[in-house]
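**Q** Quick check, what structure comes out for this input:
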Amino acid sequence: MSKQRVAVIGAGPGGLAAAMLLAHRGVDVTVFEKQSFVGGRTSRLQVGEFTFDRGPTFLNMPYILEEIFEETGRDLHDYVEMKRLEPMYDLYFDRGTRHLSMTTDRDQMHQAIEEQFPGNGEGYERFMSEQAIKLSKLMPVLQTAHDKLTDYVSLRVLKALPFLSIGKSLYDVLSEYFTSEELKYAFTFQAKYLGMSAWECPGGFSILSYMEHAYGVHHPIGGVNQLCHAMANVIEEEGGVIRLGEPVERLLIDDKKVTGLVSGSVHYAFDEVVIGADFAHAMTSLVPEGKLSKWSPTQLKKKRYSCSTFMLYLGLDHVYEDVAHHSIHFADDYEMNVKEMTKELKLSEDFSFYVQNASRIDPTLAPTGKSSLYVLVPVPNNLSGLPWKELQTTMTERVLDALETRSPYRHIRQHIEVMETLTPEDWETFGVYEGATFNLGHNLSQMMYFRPHNQFEELDNVWLVGGGTHPGSGLPTIFESARITTNLLRERAGVGR
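**A** A predicted model of the protein is given here:
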């Protein structure tokens, strides 16, 4: 009997994790990737002699990926060297004049909070205790498919319901624990991982900051991109095929049934197709017009999307040894900055930004005595209509000014050897719909059943993985999407039994 043949479109973390699991189960897997490298947004970027992560720069809850490797009979740590960071990151306020180091050491964290924000230590302890319970109730919801409305009356959802903080924003929830605005920001900025405002993000996502404080923040040596290379190695060890530089032009569809795909004008027949590419981009570029209704191009335009990011990748002739691995620098009026970025869709005069200074612990990223610095500024997605070709140079100078005046990276201009920028328009060219780096928004009307289903509801033999399906954006949840989808594939299509 011949093996089931499954195509995976996109060699991002979701597609690779799915392909890895399927290949281990004996499925004939072929991964199609339009780029000449694996990883998608989670890929490696080489600029001269300097190496960067293109997108995600840390791993939280590594046990999820460890479990996926264990299912294939492997140990993740045989493939990737991982370092846990302490402190996790530094947060800067008041134009960089004050900072708070965030750590998983609860005694240290309590002490630091009491020193800077007297009376708020009790709120931190309460937050950690109550969010641990909340996460335990929500994880079963995040680890299972939601493709029927009746799932909302399932036992796992009913148990989770009291912990979903329905009707409250993430900011509202953190206001129950802290009186300091800065501490509220310190435990809600993680909404940016979803590309959302803490004032609009559903309160259930308070588990995001808890997961960091409970499980820590980890740096894979060589960058997060090494996780994708590790998964690609396992796929090939299991007999799977990864076809780089082979974009999929369209799906082959007979009525509603997908029978294969076209790549390079070659027609390939497959029993099932897993889409790991950006969901909205895939639906608007791979599916012929008229085949979709719920997720048609017209309907997709009406959906809510995450923010985008403006990126600087700086190769320096200097190492800032005394600056944290990760640092977040808040605008003076952070609420206004977030509102402008997510609702008004305009560039803020006073913006927040994030810096990764990984070379201080990772010697593989730059030559000795030099460093690779990664700078991210959350900005509106391309629904804003901002003219990035005109704005790019000005924005670059504004970000460099912010680094020199609002952060410990003084005199950085004199240390720059190479620099690469990436704008929302570049993200869109890369295959990200409207440059919305964190995918479809995570408002309640686009979560669980109302998010594109893991077994895609509008086409037969099509399955979804990645940030555009359940449970959502972020590496841990993307890996969970791969587990959910491949388990459904095994149950419903009989693939990999």
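**Q** Wasn't Leu100 part of a helix?
**A** No - applying DSSP: H, G, I helix; E, B strand; the rest coil, one finds Leu100 to be strand, outside a helix.
**Q** Neighbours of it, how many?
**A** 22 (other CB atoms under 10 Å). No exception for glycine: its C-beta is placed from N, CA and C like everyone else's.
**Q** Tell me who's in contact with it.
**A** Counting by CB atoms under 8 Å, 6 or more residues apart in numbering, Leu100 makes contact with 90-91, 93, 112-113, 116, 182, 186.
**Q** does it have beta-bridge partners, and which?
**A** Leu91 (DSSP bridges).
**Q** Is the nearest residue to Ile242 once chain neighbours are set aside part of a helix or strand, or is it coil?
**A** In space, and not counting its chain neighbours, Ile242 is closest to Val31: 4.4 Å by CB to CB, 6 or more residues apart in numbering. At Val31 the chain is in strand, as set by three-state DSSP.
**Q** For Val31, give me its contacts.
**A** Val31 touches 7-8, 10-11, 15-16, 19, 235, 240-243, counting by CB under 8 Å, 6+ apart.
**Q** mind redoing it with 7 Å?
**A** Neighbouring residues of Val31 by CB atoms under 7 Å, 6 or more residues apart in numbering: 8, 11, 15, 19, 235, 240-243.
**Q** Just the ones of those residues in helices?
**A** Of the positions in those, 15, 19, 235 sit in helices, assigned by DSSP state H.
**Q** Make sure the last one is actually in contact with His229.
**A** No - Ile235 is beyond contact range of His229, at 10.7 Å (criterion: CB atoms under 7 Å).
**Q** The two - which one has more neighbours?
**A** Ile235 (29 against 19).
**Q** which residues touch Gly245?
**A** Gly245 neighbours (CB under 7 Å, 6+ apart): Ser36.
**Q** Which pLDDT value does the model give it?
**A** For Gly245, the pLDDT comes out at 97.
**Q** Helices of the stretch 351-497 of the chain, start to end?
**A** Counting by DSSP state H, counting those that start in this stretch, the stretch 351-497 of the chain has these helices, from start to end: 388-406, 424-430, 475-492.
**Q** Show me how far the second one is from its chain's centre.
**A** Helix 424-430 sits 16 Å away from the centroid of its parent chain (CA atoms, centre = their mean, to the nearest Å).
**Q** What of the last one?
**A** The offset between the C-alpha centroid of helix 475-492 and the centroid of the whole chain comes to 16 Å, using CA atoms, centre = their mean.
**Q** May I see the buried residues of it?
**A** Applying a neighbour-count criterion of 16 or more other CB atoms under 10 Å, the buried positions in helix 475-492 are 475-490.
**Q** Which two of the residues you listed have the greatest separation?
**A** Pairwise distances across the buried residues of helix 475-492 (CB to CB) peak at 23.0 Å, for the pair Leu475 and Arg490.
**Q** Stretch 437-448 spans what distance, first to last residue?
**A** Using CA to CA, to the nearest Å, the end-to-end distance of stretch 437-448 comes out at 20 Å.
**Q** can you tell me which of the buried residues of helix 475-492 lies nearest to Glu212?
**A** Using CB to CB, the buried residues of helix 475-492 come closest to Glu212 at Pro476, 10.8 Å.
**Q** ok, now which ones touch the closest residue to that closest one other than its chain neighbours?
**A** Excluding the flanking residues, the one nearest Pro476 by CB to CB, 6+ apart is Met61, at 4.3 Å. Met61 makes contact with 211, 215, 476, according to CB under 7 Å, 6+ apart.
**Q** Test my guess that the second one contacts Leu59.
**A** No - because the distance of 9.7 Å does not satisfy CB under 7 Å, Tyr215 is recorded as not touching Leu59.
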